[in-house]
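Enquirer: Fold the stuff below for me.
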Amino acid sequence: MTDQFRKAGAPEDVDIDKLNEIVAEADTGGRKPTGLAAHLVLAVSLAWSLFQLWYSSPIPYMLGFGVVSDGIARSIHLAFAMFLALVTFPAFKSSSRSRVPLPDWVLAAAGAAAALYLVVFYSEIAGRPGLPTTTDLVVSIIGIVVLMEAARRAVGPAITVIAGLMLIYIFVGPYMPGLLAHKGATLSRAASQMWLTSEGVFGVALGVSTNVVFMFVLFGTLLERAGAGGYFILLAFSILGKYRGGPAKAGVVASGLTGMISGSSIANVVTTGTFTIPLMKRVGYTPVKAGAIECAAGVNGQIMPPVMGAAAFLIAEYVGISYAEVVKHAFFPALLTYGSLFYIVDIEAMKMGLKGLPSRSRHPALQGALRSLMGICAFVILAGLVYYGIGWTKTIFGSAATWMIVAALAIVYVGLVAYRARHPDLPLDSLKGDIREIPHFGETARTGLHFLLPVVLLIWCLMVEELSPGLSAFWGSAALMALVVTQRPLTALFRKQDLAPHWRDGLVDLVEGLSAAARNMTTVGIATATAGIIVGTVLLTGVGLVMTELVEFISAGSFMVMLLFTAVICLILGMGMPTTASYVVVATLMAPVMVDLAAQNDLAVPLVAVHLFVFYFGLMADVTPPVGLAAYAAAAISGADPVKTGFQGFKYEIRTALLPFIFIFNNGLLMIDIQGPLDFLLVIATSALAMIAFVAATQNWFLVRNRWYEAIALLLICFTLFRPGYWLDLVDEPFIEKPVSQLSQTVDATSAGQAVRLKLKTVNINGDEIEKLIRLDLAEGKDAAERLEGAGLTASALGDTMTVGIVRLGSQAAKFGLQPGDEITGVMVPNSRPSRYWFALPALLLFGLVFWLQRRRRAGGPAAGAAL
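Expert: Prediction:
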């Protein structure tokens, strides 16, 4: 990363070495061995990337040779991760950063050998399930101990302590009091659960890391290595620099663009903040606010689809929906939080009376606004262009369309590089020194348009071909590998320069990109494997049910108190952990608790809403003081106090913390239960205005400084626009209960993609009978029974009662905690009542009144800054 910053022309007043140390300590390892050790680390990193490319590609299936099973691939994946973690992450702060001590080599070899043991003896272990030999036990214990040490170094003490407590809990269960007691497990049973099966370390989380996450990290790393990171930053600055607070707005958009393909909050902050934070300071932002804005923007990059810090693929696996569904649900909240941060930046600029920088662009304000929209919604727009603009070719030409698109992309690539070659390279040096004039948009855009082509191919594979995320990322990465190698020689060819050194530079870039991707994946691989210990403990001991009882007791049955309590727990559990590890931990421990307690409170919450709730708050830990690592990275660039930066960043992030509470109650934000185009537009409009009102209230500034009653009015407006149905629910129930005899009729009347709500009686951990309300999303089917089976259950009628028969493992019904024998007591159907948006009208009138009052005050006093 050091070379990247220096090649990109990072500002001279930034301590590059300190920044690289922060990123390395968090993501890639703080040790940089020299000599033979350096060559070995490079070779292992390259071998890992090449293995993942082979495993993800269709080539083994085409040749009928070298096909690697999922279980073996997970073991090899973890072997690479453990070796690199123990070699590149020092044991202590005082450990050498240039030499690998002998104990680290021993641990690295032992960890890799323990993982590869499952590869070598795969058939024998599979042939004696539940009957581990002495050798199996010894290898399992060594593997778990070494993994815990690797996690302590690479991920941090938080997840190591949690995993350690979970392992202890397995054995001390018989001696625990009350609810915490369980029958315990033998060493043989625990070792088998954690290391020899797919219910522990080698479980779902590591599987997603192996099958999908690596390839997307490789895609992002190669895109960065090709030069797209600097291109995004300068492009955002050319779009937004002329507005007041332009560098800060550019930082927000650039962080959103780089965050979409990045797996690390800290790397996102450093990559964009290296340029934008010094620029913010130069135009008038204080060091604390400059660092806090970039910190908030960098962390929010992790909630931006398509990658979401690699958690998007985990969410899809845990919820049991497609990756495309996760992207659909997560996109609007991400746009809301980025748009609101953009507004916060503008408010800060208004308060300080900042003005935009001069620009050579002659575009009028309307065109500038359109460019800004394109910058913020770039992925949405590009996805729409691919799907609707060229997706029709698949319908007309069938399989031939793929080859036509590939040929067209190759031709366009050569054309764009030829066009680029006629102009100077990307002027990243213009971000150094005093800023006199922002870069010209057209001159900036033309230097990197070819970077979009691999993204187009990725979107084509995902949305049009409907390939798996892992295979789609493989083809996108293959295209990027070709781009990294050829863009320099092609540019030189069109400029009539010597090609040999450019071919060499391209190959060096490729090797460094492949190596960097493996180094970036080390932390993710270790984190997901260690999180598997937590998952395995929950499955082995049933501690998840205990968590439900404890949270219910502490919250005294109040669902809102339970949500607040869960949010705090997620913040604590997420401290000091990367995005993927944080999500796996909080999703394992807290998501089932939320699902169960929501059902007991007659609130049918979609599973994806629950998982996004815990994901958001686990991620918030990156900015929450005193541990927030992203705040420390931003402060290292701005020169401000990291704790003050963290508190200011947390203040900015309150708006992000609001959204999970909203989409638990208003599923429309997640594009769930949308009733037609008009409802879609109303959800978008009211939510956007609600977020504006919330930001204006919490920042104590709308057009001018708020009066106390205006702040209260804005909060009331925010609540009403986000939850217009709340007031209607007070006078008229949203759903009415029908007898269970109408279940088949209700299911038949429910369109595909919509949900049916069932009321049930079940028994909790204490043997008490409780009532629950759950929702099951229905797909197409020939009759009600088939559609219910698609959701994971069969229903059996006995006289006037109906009970749950079979519950399919891993289905929606299973995830909601349904069990055979549960009684279905009724079915909830939507009530016929007026639109909830009638209650938005008074809120809009009040919004207009506040706007009018503040505009009068602004007109009567000094201007609050240049117009946006």
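Enquirer: Please identify the longest helix in the protein, counting by residues.
Expert: Criterion DSSP state H: the longest helix present in the chain is helix 500-541.
Enquirer: residue contacts, the nearest residue to residue 503 once chain neighbours are set aside?
Expert: Excluding the flanking residues, the one nearest residue 503 by Cβ to Cβ, 6 or more residues apart in numbering is residue 489, at 5.0 Å. Backbone N, C-alpha and C define where each C-beta goes, glycine included. Shown in contact with residue 489 (Cβ atoms under 8 Å, 6 or more residues apart in numbering): 499, 502-503, 506.
Enquirer: Tell me where the model's unsure across the stretch 451-600 of the chain.
Expert: 576 (pLDDT under 70).
Enquirer: Please enumerate the helices of it.
Expert: Along the stretch 451-600 of the chain, the stretches classed as helices by DSSP state H, counting those that start in this stretch are 452-459, 469-494, 500-541, 543-555, 559-574, 579-589, 591-600.
Enquirer: mind listing what's buried in the second one?
Expert: Buried residues in helix 469-494, counting neighbours by 16 or more other Cβ atoms under 10 Å, are found at 469-481, 483-493.
Enquirer: Can you give me the domain assignment for the protein?
Expert: For the chain, the structural domains run 2-206, 686-734+833-868, 735-832, going by automatic domain parsing.
Enquirer: Select, out of these, the one closest to residue 575.
Expert: domain 2-206 (5.6 Å; Cβ to Cβ).
Enquirer: Correct me if wrong: residue 806 contacts residue 788.
Expert: No - taking Cβ atoms under 8 Å as the definition, residue 806 is not a contact partner of residue 788, at 10.6 Å.
Enquirer: of those two, who's got more company?
Expert: More crowded of residue 806 and residue 788, by other Cβ atoms under 10 Å: residue 788, with 23 against 14.
Enquirer: Which other helices and strands does whatever helix or strand the more buried one lives in contact?
Expert: Element membership for residue 788, per DSSP states H and E: helix 784-791. Judged by 3 or more Cβ pairs under 8 Å, 6 or more residues apart in numbering; DSSP states H and E, helix 784-791 is in contact with helix 743-749, strand 769-777, strand 793-798.
Enquirer: which residues does the nearest residue to residue 97 once chain neighbours are set aside contact?
Expert: Excluding its sequence neighbours, the residue lying closest to residue 97 (Cβ to Cβ, 6+ apart) is residue 31, at 5.1 Å. When contacts are counted by Cβ under 8 Å, 6+ apart, residue 31 is found next to 87-90, 95-98, 100.
Enquirer: Show the pLDDT at residue 31.
Expert: The score at residue 31 is 74. That number is its pLDDT.
Enquirer: for residue 316, same thing?
Expert: pLDDT, read off for residue 316, is 85.
Enquirer: What is the neighbour count of it?
Expert: Residue 316 has 21 nearby residues by other Cβ under 10 Å.
Enquirer: Kindly report the same for residue 741.
Expert: 12.
Enquirer: Next up, phi/psi of it, please.
Expert: phi -60, psi -20 (degrees, to the nearest 10).
Enquirer: That one and residue 802, how far apart?
Expert: Distance, residue 741 to residue 802, by Cβ to Cβ, to the nearest Å: 8 Å.
Enquirer: Next: residue 499.
Expert: Relative to residue 802, and taking Cβ to Cβ, residue 499 is found at 75 Å.
Enquirer: Among these two, which residue is more densely surrounded?
Expert: For the pair residue 499 and residue 802, the greater number of neighbours falls to residue 802 (22 against 15), based on other Cβ under 10 Å.
Enquirer: can you tell me which residues contact the more buried one?
Expert: 740, 743, 795-796, 823-824.
Enquirer: so how far is the helix or strand containing it off the chain centroid?
Expert: Here residue 802 is covered by strand 801-807, with elements defined by DSSP H and E. Centroid separation between strand 801-807 and its chain, computed with Cα atoms, centre = their mean, to the nearest Å, is 37 Å.
Enquirer: strands paired with it, and their directions?
Expert: According to DSSP bridges, strand 801-807 forms sheet pairs with strand 793-798 (antiparallel), strand 823-830 (antiparallel).
Enquirer: Pick out the shakiest of those strands, pLDDT-wise.
Expert: strand 793-798 (a mean of 82).
Enquirer: And that one, what's buried?
Expert: Buried residues in strand 793-798, counted by 16+ other Cβ under 10 Å: 793, 795.
Enquirer: Mind listing residues that contact that strand?
Expert: Under Cβ under 8 Å, 6+ apart, the answer for strand 793-798 is 743, 776, 785, 788, 802-808, 811, 813, 818, 824.
Enquirer: so residue 762 is in which element?
Expert: strand 755-763.
Enquirer: what's the answer for residue 347, then?
Expert: Going by DSSP H and E, residue 347 is in helix 323-352.
Enquirer: Check the offset of that helix from the chain's centre.
Expert: For helix 323-352, the distance to the chain centre is 14 Å (Cα atoms, centre = their mean).
Enquirer: Residues contacting stretch 175-189 from elsewhere in the structure, which ones?
Expert: 132, 137, 169-174, 193, 540-543, 546, 549-550, 765.
Enquirer: Buried only: go through the residues you listed for me.
Expert: Buried, going by 16+ other Cβ under 10 Å: 132, 137, 169-170, 173, 193, 540-541, 543, 546, 549, out of these.
Enquirer: Tell me the one of those residues nearest residue 525?
Expert: residue 193 (20.3 Å).
Enquirer: thinking again about what came up before, list the buried residues for the strand holding residue 802?
Expert: Quick answer for strand 801-807 (16+ other Cβ under 10 Å): 802-804, 807.
Enquirer: chain center to the helix or strand that it is followed by: distance?
Expert: The C-terminal neighbour of strand 801-807 among helices and strands, as given by DSSP H and E, is helix 812-815. Per Cα atoms, centre = their mean, the displacement of helix 812-815 from the mean C-alpha position of its chain is 23 Å.
Enquirer: helices or strands up against helix 812-815?
Expert: Counting by 3+ Cβ pairs under 8 Å, 6+ apart, helix 812-815 packs on strand 769-777, strand 801-807.
Enquirer: Figure out which of these is closest to residue 217.
Expert: Closest among those, using Cβ to Cβ: strand 769-777, at 30.5 Å.
Enquirer: Extract the CA atoms of whatever helix or strand residue 236 lives in and return them as PDB.
Expert: Element membership of residue 236 [criterion: DSSP H and E] is helix 228-240. This file holds the C-alpha atoms of helix 228-240, laid out as PDB (Å, rounded to 0.1, in the frame of the first residue of the first chain):
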ATOM      1  CA  ALA A 228      -9.200   2.700 -10.100                       C
ATOM      2  CA  GLY A 229      -8.900   3.800  -6.500                       C
ATOM      3  CA  GLY A 230      -7.200   7.100  -7.400                       C
ATOM      4  CA  TYR A 231      -9.500   7.500 -10.400                       C
ATOM      5  CA  PHE A 232     -12.600   7.300  -8.200                       C
ATOM      6  CA  ILE A 233     -11.200   9.900  -5.800                       C
ATOM      7  CA  LEU A 234     -10.200  12.400  -8.500                       C
ATOM      8  CA  LEU A 235     -13.500  11.800 -10.400                       C
ATOM      9  CA  ALA A 236     -15.500  12.500  -7.200                       C
ATOM     10  CA  PHE A 237     -13.500  15.600  -6.600                       C
ATOM     11  CA  SER A 238     -14.000  16.800 -10.200                       C
ATOM     12  CA  ILE A 239     -17.800  16.300  -9.800                       C
ATOM     13  CA  LEU A 240     -18.200  17.900  -6.400                       C
END
